[in-house]
Structure formats: C-alpha cells, structure tokens
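[1] Let me see the structure of the following:
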Amino acid sequence: MRIDAYVNSLVEEGVLLASAAEAAGTGADVPTCPGLQVRGLLRHTGMVHRWATVHVVHGHRDPQPDGGEPDLDGAELLAWFREGHTALVAALRAAPADLECWTFLPAPSPLAFWARRQAHETAVHRMDAEAATGAQLSGVSAEFALDGIDELLTGFHGRARSRVRTDHASVLRIRATDTTAGPGLAAPATPAAVWTVHLSKDAPPRTVRNDEGPADTELSGPPELLYATLWNRLPTEAVTLTGDPGPAAAWRELSGITWN
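    Next up, the predicted model:
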C-alpha cells in the first residue's frame, strides 16, 4: 500500500474509534480485551499515537519512552485522544519521504513503517471500541486487510519475542479467498492470498507467502474476516477451519501482542 493510503486509513480508523468510544462510554467493558474498559483503550491508543509522533517529528534513531497514560476520563479523555490522533496524522503527512528514525518491524522506509503500523494499530483498537458498543464491526478494504495479515504474520510473529509455540512441529495455512463477507464486513472481491506458518516448540513462527507442502490446519475466508480473526477480534468460527484445530487454538491463545 502507498503511504498516503495508510494515512487515509489512519484518519478514518481514528474517527471511527473515537465515535465508538463516545457511544459506548468510557466505563464500558471491552469484550475483545477482557478486563479492559474503554477509558483504558483510549489512554493506551492515544499514548501510542503520541509515542509514534515523537519518533516521526524528531527523527529519533533510538526508541523513546512512551510518556505514559493520562489520568483523564470522559469528555476530556476523548478530546485528548482526538488531539493526539490529529497530531499523528499531521506529522505523517508533513514528514519527508527520506525520514530516518527508529523502527521495529521491516518496512520499505521508516515513514512507511510508522504510517502502516499506526493505521493497523488504530484499526484493531477501533474494533475493540466497536465491540464495547455491541455493534457489528465496521469493515476494512481487502487490500488493507491483506496488508495487516502480512504485517502480523511476517512482522510481529517473525520476531524471536513471539510467544506462539506448539508442542510439536505443525503447519498452519492462512488462505484469503476472493469472496466477500456478509453485511457489515463486506468488501470488494480481491485475488486470493496465502501464507504458510511453520510452528514449533523451540522457535518463533516462520511464515512464507505460498501454499507449498501439506498443512495440518487451514484457516480460510474473506480477507477482512481473517484480519479480525488473526488479531483475535473475531472468533475462529468467523472463518472456515479445516484440519487439526490444535494449531489454530495455539494461535488464539498465544498470538496476542502485549502492550509493554
């Protein structure tokens, strides 16, 4: 995806997140993150937005502290979130294409990294805010969903710190179909895409972008449903599971990205 497309997605996702949080109320529980309430979701995501902005604006070559979460609630917290989201969007749009700064996942450039990471960060937490309202999740484009699946599989879970391990070697295949989902999550048809995730007891997942060789388990479905499912924002039943359910259960249990 182009950097401007990421930034446009970030704009939309931030607006939707704030609107859903306002509708739910900051004291509402977030069912997709047990034990969390909307106020904690806003504080965390707003803090991450400001943390990203510091790296983009100042070009820090080393990771900077996040600045912590504010002791705000209600309308003040929502205003604080919206202010930080607006500042991040402005920073990304003003940043030079040759920006040099610290990153933590592979990307074509530091600017592409921060635009991509913050777009997906905000989209996933927008799902959390919508879940707190009890409403059906808003959709994302197939292109955005495929990009987010790839970032999750080859980026986050390509790192040694990934906690996804299985008692014995197994293969989990992720297949995005070219069909569309049902109402509320429907998106234009897109060509199929596939990833093969090699799981083991002693090493982080190893993902390749093909469907070569046998797989113990396959998760398949429309890109936007797979995106939400792999980020654990929809249940596994939202997509089609074939084969051994064990690797999918291990993913569900262990793939969460910790907040610190």
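
[2] Can you pull out the low-pLDDT segments for the stretch 101-250 of the chain?
    Where the stretch 101-250 of the chain drops to pLDDT under 70, the residues are 179-192.

[3] what about the strands in it?
    Along the stretch 101-250 of the chain, the segments classed as strands by DSSP state E, counting those that start in this stretch run 170-176, 193-199, 206-208, 217-221, 240-243.

[4] which non-adjacent residue is nearest L199?
    Of all residues not flanking L199 in the chain, T166 sits nearest, at 4.5 Å (CB to CB, 6 or more residues apart in numbering). Glycine gets a C-beta too; all of them are placed from N, C-alpha and C.

[5] Give me the neighbour count for that neighbour.
    Using other CB atoms under 10 Å, T166 is surrounded by 20 other residues.

[6] Wait, it touches D202, no?
    No: judged on CB atoms under 8 Å, T166 makes no contact with D202 at a distance of 10.2 Å.

[7] Tell me which residues touch P235, please.
    Neighbouring residues of P235 by CB atoms under 8 Å, 6 or more residues apart in numbering: T229.

[8] List the backbone torsions phi and psi for it.
    phi -70, psi 160 (degrees, to the nearest 10).

[9] Tell me how far it lies from L16.
    P235 sits 21 Å away from L16, taking CB to CB, to the nearest Å as the criterion.

[10] what does T207 give?
    T207 is 29 Å from L16, by CB to CB.

[11] before we move on, the earlier item: could you name every residue contacting both of T166 and D202?
    By CB under 8 Å, 6+ apart, no residue touches both T166 and D202.

[12] The stretch 151-260 of the chain: helices as residue ranges?
    Remark: helices assigned in the stretch 151-260 of the chain by DSSP state H, counting those that start in this stretch are 223-230, 246-254.

[13] With mean neighbour count as added columns, please give the ones you listed in a markdown table.
    Shown next, in a markdown table, are the helices of the stretch 151-260 of the chain (neighbours: other CB atoms under 10 Å):
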| stretch | mean neighbour count |
| --- | --- |
| helix 223-230 | 27 |
| helix 246-254 | 18 |
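
[14] between these, which one is nearest to S109?
    Between S109 and the helices of the stretch 151-260 of the chain, the tightest spacing by CB to CB is seen for helix 223-230, at 23.4 Å.
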